[in-house]
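Colleague: Give the three-dimensional model of this entry:
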Amino acid sequence: MISDKSPAALPLVSTVFDWTKLPATTTKVGELRPYFDAATRTLARLESHVTTLNPGEISHAAHTHADEELVIVREGTGEATVNGVPHTAGPGSVFFFASHDLHGLRNPGAVRASYHIIRIFPRDLAP
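Modeller: From the prediction side, this is the model:
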């Protein structure tokens, strides 16, 4: 994983992140595989990882944040609640969480669910 959130750091350069080489960390609800968390040429920060949730689990309580977030379902089923409204989707589907919208994600299925997270932090992002 590439990680350097310091302002003086060089931006993330074009590269390939091989799924088979990502370290998997077991969590209470499944596992986590980090891709990167760094500045880019145009963003203050870009963060990406893969979360795997065991059946019936949530990644964490519903929350808000100033940055925007994409969730791309890799396998299984995800149920995203956005501002109190639930939405369910399967592999290949994308959830978009706009800045400051209350959102949460859970696995409503009987098998593990994995999804890619991409968080986007513009340079002028106000909290």
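
Colleague: contacts, neighbours, all on C-alpha from now
Modeller: Noted.

Colleague: and residue 116, how many residues sit next to it?
Modeller: Using other Cα atoms under 10 Å, residue 116 has 19 other residues around it.

Colleague: should've said residue 25
Modeller: Neighbour number of residue 25 under other Cα under 10 Å is 11.

Colleague: check contacts around it.
Modeller: Counting by Cα atoms under 8 Å, 6 or more residues apart in numbering, residue 25 makes contact with 31, 32, 33.

Colleague: Just the buried ones out of these, please.
Modeller: Neighbour counting by 16 or more other Cα atoms under 10 Å classes 31, 32, 33 among these as buried.

Colleague: Surely the second one and residue 48 touch.
Modeller: No. With contacts counted by Cα atoms under 8 Å, residue 32 stays clear of residue 48, the gap being 10.7 Å.

Colleague: got a list of what residue 79 touches?
Modeller: By Cα under 8 Å, 6+ apart, the neighbours of residue 79 are 86, 87, 88, 89, 105, 106, 107, 108.

Colleague: Apply 10 Å and report the result again.
Modeller: 58, 86-90, 95, 104-109 (Cα atoms under 10 Å, 6 or more residues apart in numbering).

Colleague: For the closest residue to it other than its chain neighbours, report the pLDDT, please.
Modeller: Spatial nearest neighbour of residue 79, excluding adjacent residues (Cα to Cα, 6 or more residues apart in numbering): residue 88 at 4.3 Å. In this model, residue 88 is scored at 98, pLDDT.
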